[in-house]
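Colleague: pasting a predicted model and its sequence here:
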Amino acid sequence: MFLTISTTGIPERPATDLGFLLHKHPGKAQAFSTSHGTAHVFYPEASAERCTAALLLEVDPVALVRRGQGKGRGGAPDAALAQYVNDRPYAASSLLAVALSAVFGSALNGRCAARPELPEQVRPLRVEIPVLPARGGAELVRRLFGPLGWTGVEVTAVPLDERFPEWGDSRYVRLVLEGELKLSDALRQLYVLLPVLDDAKHYWVALDEVDKLLRAGDGWLAAHPDHELITSRYLARQGHLTRNAMDRLELVRLAEADGREVEEVDNAVDENSDTEEKPVPLAARRREAILAALRAAGAARVLDLGCGQGQLVQALLKDVSFTEIVGVDVSVRALGFAAKRLRLDRLGERQSERVRLLQGSLAYTDKRLAGYDAAVLSEVIEHLDLPRLPALEHAVFGAARPRTVLVTTPNVEYNVRWESLPAGHVRHGDHRFEWTRAEFRAWAAEVARRHGYAVAFVPVGDDDPEVGPPTQMAVFTQTGTTATTTETPKEGEAA
Ligand code: SAH
């Protein structure tokens, strides 16, 4: 089992930096004992201009069997194992991926204590795997590595037997990747895609494999067109693990999309300004409108539901009349950004008592959210599939029941005013729907009626005489005598 990684150098960035990056001295041949056998690392060439590191894994069949990995699920002898040890011992299988992470762990994680700047460098890289088992053939190999930033993905089928070309191709290919990448990105791709292509279930897959997959896939897997195939194969087609991973990748996409959304919307408004003055971005105007409505309602304890990366929470913190601020989001990643933005770890005691971030889904009732003065749902409802909306409605208006609820959402009629937006498109890929003013008002009126609230509508952004404002906001105020309850009020009860 064999792969080589090469780089070229320039005087200020010698190729032998590869030795630092891999934590393996180019002048030595080294051997490491790993769980599946002995891994050898050596450098066939090592000059300032060109440096190649080779990783060779000698599989130890006894070690494999002793670790219980020579059995398939259910205890039957694993045909795949026989293949590894007898058939093509030099094929770069998933065992090589395990060795890769064992031997080049720091490089894979982008760490280099001796030269901390090195892992961040994008370098010319060439990875060659002479014999790569590829279920799905050359075509799948191209599909998997194609979108990952390589300029060259060369895949050549390996014939079953060179002496008898008529026998056709084997299930192995030769792979050469060339491009300018960070070494850690290249290694993390290989760590995931070698076992995916191998597709042999020789190892036991447990929940921590999901974590490993997401760590190694950080920055590339969520957006990969074949992320579902990659996830399912990597997790040995274990349905529940695949679903767990797919859900978490979905959150990554949501969080990444949120970051983009603010920028996109702001740019769109900038472009359409015909005044000299730089207009206030729409996201900022939305926050101003929300703050004004909260102050008008006299709210002190406020929930920011679907708080995303915490911009509104940050604005609320600046006003001492808000004594308790709770940001809630389903995305752990978004909450991580929010915690960083708010410097939660560095807030003084006074401030840190005022603010909290909670992870939770608004599609479920949550006792922690009961009893607040106000809740804000800023640009959140359009991220839920329409059939999930009644669940959110119940959780917020039926169970949490804050005195005031503010809901903002895009006004789809306004989209024609944005030149950058093609006709008939929503503003953002993750919006499941965008409503006209009439649609939003109809929904809000119905929610208010069912749950004992009065509702008023406030335009946010320039209110166009024809198509209305870019953002529409509904201000719900509890009217009813409806007691705080975790049950959905029955028809009529709410009035
Ligand atoms: N309120 C912020 C972010 C809006 S983006 C702002 O106005 O800028 C929508 C946010 O809703 C995302 O952070 C997303 O993770 C969150 N979200 C989507 N569905 C959710 C759900 N079911 N429960 C909780 N949060 C959800």
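Modeller: Ah, there it is.

Colleague: phi, psi for R135 please.
Modeller: With angles defined as degrees, to the nearest 10, R135 sits at phi -70, psi 120.

Colleague: residue numbers of the stretch 301-450 of the chain in contact with the ligand?
Modeller: With CB under 6 Å from any ligand atom as the criterion, the stretch 301-450 of the chain meets the ligand at residues 306-308, 311, 329-331, 334, 361-363, 378-380, 383-384. (Each C-beta comes from the backbone N, C-alpha and C, glycine too.)

Colleague: out of the residues you listed, give me the two with the largest separation.
Modeller: Using CB to CB, the two most remote members of these are Q311 and A363, lying 22.9 Å apart.

Colleague: helices or strands up against the longest strand anywhere in the chain?
Modeller: Counting residues, the longest strand found in the chain (DSSP state E) is strand 169-182. Strand 169-182 is packed against strand 122-133, helix 137-145, strand 152-159, with contacts defined by 3 or more CB pairs under 8 Å, 6 or more residues apart in numbering; DSSP states H and E.

Colleague: apply 6 Å and report the result again.
Modeller: Counting by 3 or more CB pairs under 6 Å, 6 or more residues apart in numbering; DSSP states H and E, the packing neighbours recorded for strand 169-182 are strand 122-133, strand 152-159.

Colleague: buried ones in that strand?
Modeller: Going by neighbour count (16 or more other CB atoms under 10 Å), the buried part of strand 169-182 is S170, R171, Y172, V173, R174, L175, V176, L177, E178, G179, L181, K182.

Colleague: residues making contact with it?
Modeller: Contacting residues not belonging to strand 169-182 are listed as 122, 124-134, 138, 141, 149-160 [CB atoms under 6 Å, 6 or more residues apart in numbering].

Colleague: if we go to 8 Å?
Modeller: 88, 91, 110, 119-135, 137-138, 141, 145, 149-160, 186 (CB atoms under 8 Å, 6 or more residues apart in numbering).

Colleague: go through the buried residues of strand 169-182 and name the one nearest the ligand.
Modeller: Proximity of the buried residues of strand 169-182 to the ligand (CB to the nearest ligand atom) peaks at K182, which lies at 27.8 Å.

Colleague: state the distance from that closest one to R123.
Modeller: Between K182 and R123 the distance is 7 Å, computed by CB to CB, to the nearest Å.

Colleague: quick check: pLDDT value at the residue in the stretch 1-150 of the chain positioned nearest to the ligand.
Modeller: Nearest to the ligand in the stretch 1-150 of the chain, going by CB to the nearest ligand atom, is P147, at a distance of 24.5 Å. For P147, the model assigns a pLDDT of 92.

Colleague: same question for R441.
Modeller: So, for R441, pLDDT stands at 97.

Colleague: what helix or strand does the residue nearest to it when sequence neighbours are not counted sit in?
Modeller: Take R441 and drop its neighbours on the chain: the residue closest to it by CB to CB, 6 or more residues apart in numbering is F457, 6.4 Å away. Assigned by DSSP states H and E, F457 falls within strand 453-460.

Colleague: what comes up buried for that strand?
Modeller: So for strand 453-460, counting by 16+ other CB under 10 Å, buried means Y453, V455, V458, P459, V460.

Colleague: after it comes which helix or strand?
Modeller: The element immediately downstream of strand 453-460 (helix or strand, assigned by DSSP H and E) is strand 471-478.
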